[in-house]
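>>> When you get a sec, could you give me coordinates for this:
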Amino acid sequence: AKEHEEEDKKRKEKIEVRNTADALVYSTEKTVEELKEKISSEDKEKIDAALKELREALTGDDTEKIKEKTEALSQIFQKISAEIYQQAAQQRQQEQAAGGSADGSWQGKPSDDDTINADYKVKDEKKDDEKE
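Next up, the predicted model:
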């Protein structure tokens, strides 16, 4: 068993590296699809190039190359995600400044226009039956 211990460790690492890379490819593609309006064409090209390189690395057995390409895609994607997050935060601040009150509290009507507020009393049917 000890003879194969090192071999098993390498095999396990190889599998984990491939799984991590596959998961990153999937999550990146999904996120890019969801945020495609917010990602510039230049950033999209960077992501696509990194995705292509990682997919190509996954076709081979070079674990170090897969690690390298996974890290490269991860860094590009994190940078672009941070930029999108900052843009969204700035947009929220601008919207709050334009439409919100000075103290930051929300003022306005509920978003559900079909909601009706009404007073009501619960009628106890047993009491009505006893009176008759």
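
>>> Nearest residue to the middle of the protein?
residue 31 (6.3 Å; Cα atoms, centre = their mean).

>>> so what's that residue scoring on pLDDT?
Note on residue 31: pLDDT of 91.

>>> In contact with it, which residues?
For residue 31, the contacting residues are 77, 81, by Cβ atoms under 8 Å, 6 or more residues apart in numbering. Bear in mind the C-beta positions are built from the backbone N, C-alpha and C, glycine included.

>>> Report the buried residues of the host helix or strand of it.
Residue 31 belongs to helix 5-34 when assigned by DSSP states H and E. For helix 5-34, burial by neighbour count (16 or more other Cβ atoms under 10 Å) applies to 17, 18, 21, 24, 25, 28, 31, 32.

>>> which of those residues sit farthest apart?
Spanning the widest gap among the buried residues of helix 5-34 are 17 and 32, at 22.3 Å by Cβ to Cβ.

>>> Against residue 24, how distant is residue 74?
6 Å (Cβ to Cβ, to the nearest Å).

>>> Surely residue 57 touches residue 71?
No. Counting by Cβ atoms under 8 Å, residue 57 stays clear of residue 71, with 11.1 Å between them.

>>> So those two - more neighbours on which side?
The neighbour count for residue 57 versus residue 71, taken as other Cβ atoms under 10 Å, is higher for residue 57 (23 against 14).

>>> I'd like the buried residues of helix 5-34 as TSV, with distance to residue 117 appended.
Conversion of the buried residues of helix 5-34 to TSV gives the following (distance: Cβ to Cβ, whole Å):
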residue	distance to residue 117
17	58
18	57
21	54
24	49
25	50
28	46
31	40
32	44
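
>>> what about stretch 6-26, average pLDDT?
In the prediction, stretch 6-26 has an average pLDDT of 93.

>>> typed the wrong thing, it's stretch 47-63
Mean predicted lDDT for stretch 47-63 stands at 94.

>>> Residues touching that stretch, excluding its own?
Outside stretch 47-63, the residues within contact range by Cβ under 8 Å, 6+ apart are 13-14, 17-18, 21-22, 24-25, 28-29, 32, 39, 65-66, 68-70, 72-73, 76-77, 80.

>>> Lovely, talk soon.
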